[in-house]
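> Just the structure for this:
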Amino acid sequence: MTGATAVAIPRRSSGLAQRWAKPLAAGSTIAIVAVAFVELTANLSHVLPPGDSFLGMDYLFYRDVAERWLDTGAYYLPHQLSGPYTATLMVDNLYPPVALLLFLPFVVLPWVLWWLIPIAVVGSFVVWTRPRPIAWPLLALVLIWPRTQTAFLFGNTDLWMAAAVAGGLRWGWPAALLAIKPTFLVFAVVGIRRRSFWIALGGLAIVSIPMAALWLDYVQAMRNLTIPADYSVGSLPLILAPLIAWFLRSRPREATAIVG
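Purely as a prediction, here's the structure:
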């Protein structure tokens, strides 16, 4: 034999895998979402006990903080400024002064917007990115995560932080709003290549000037604070959801590139 001819063998297994990838992703996503719905229903029964309801309690706390500041000028409680303390939920305000930009409008705005706005931003972003099938069950798993469910039920600011990441990836400037929750400030990197991000950041700096006294109080309150190091770790899946959709997107890269 003087030579050999290479023969291409069809990779049927690869084609079969591609053919079933989308149905499997869709099926598993539907199953996970169904479990998430059942879990949410069960959790809802726990936050609606006889007597006082815990539904939306985080939202109500933020609104109360804003109303207290309007009425008395006190943003942090005396014990937070006087000495060491351990954070108590629904009592101690751990947010920087710029969080008032989010809290104050909801003193008068309808409560439903607290949920509707961030959910609409994240949802429209996911639809816009058109994530590949592999991302569908991953995004569904975020919905089943306990801390995500409590964020929806209690109205935690994690909803707004996820929206800030999604908005930062798409438009740039919303990423500056992550300054409201400094534990997630690292995710503001998604907007740093957009001019609008720096304009928004400059706006926050200007607004912070009249809040200089509150910022000094914030530094003191944080210095006195004792809080577990993993306090915000449980919130990461929800914050990462827009990044999952972004990195596993099917839109052309040039159409979604983060540019200035």
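> mind listing the helices in this structure by residue range?
12-47, 57-72, 78-82, 100-103, 112-129, 135-144, 146-154, 158-171, 195-208, 212-224, 236-247, 253-256 (DSSP state H).
> Mean pLDDT, distance to Asn93 and mean neighbour count for these - can I get that in TSV?
In this view, the C-beta of every residue, glycine as well, is placed from N, C-alpha and C. Below are these laid out as TSV (pLDDT from 0 to 100; distance: least, CB to CB, whole Å; neighbours: other CB atoms under 10 Å):
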stretch	mean pLDDT	distance to Asn93	mean neighbour count
helix 12-47	78	22	13
helix 57-72	96	5	17
helix 78-82	96	7	14
helix 100-103	96	10	19
helix 112-129	96	17	16
helix 135-144	94	27	20
helix 146-154	92	16	19
helix 158-171	97	16	25
helix 195-208	95	17	15
helix 212-224	96	8	15
helix 236-247	96	21	20
helix 253-256	48	37	10
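> out of those, nearest to Phe187?
Phe187 lies closest, by CB to CB, to one member of those: helix 158-171, at 5.2 Å.
> Against Phe247, how distant is Trp198?
Remark: distance between Trp198 and Phe247 (CB to CB, to the nearest Å) = 24 Å.
> now do Gln80
From Gln80 to Phe247 the distance is 39 Å (CB to CB).
> cool, Gly123 as well?
Using CB to CB, one gets 18 Å for the distance from Gly123 to Phe247.
> for Arg132, same thing?
According to CB to CB, Arg132 and Phe247 sit 10 Å apart.
> swap in Leu204?
In this view, Leu204 and Phe247 are 27 Å apart by CB to CB.
> cool, and Met57?
When Met57 is compared with Phe247 (using CB to CB), they lie 34 Å apart.
> before we move on, the earlier item: tell me which of the helices of the chain lies nearest to Ala179.
Taking the helices of the chain one by one with CB to CB, helix 195-208 is closest: 5.9 Å.
> which strands and helices sit next to the closest one?
Helix 195-208 is packed against no helix or strand, with contacts defined by 3 or more CB pairs under 8 Å, 6 or more residues apart in numbering; DSSP states H and E.
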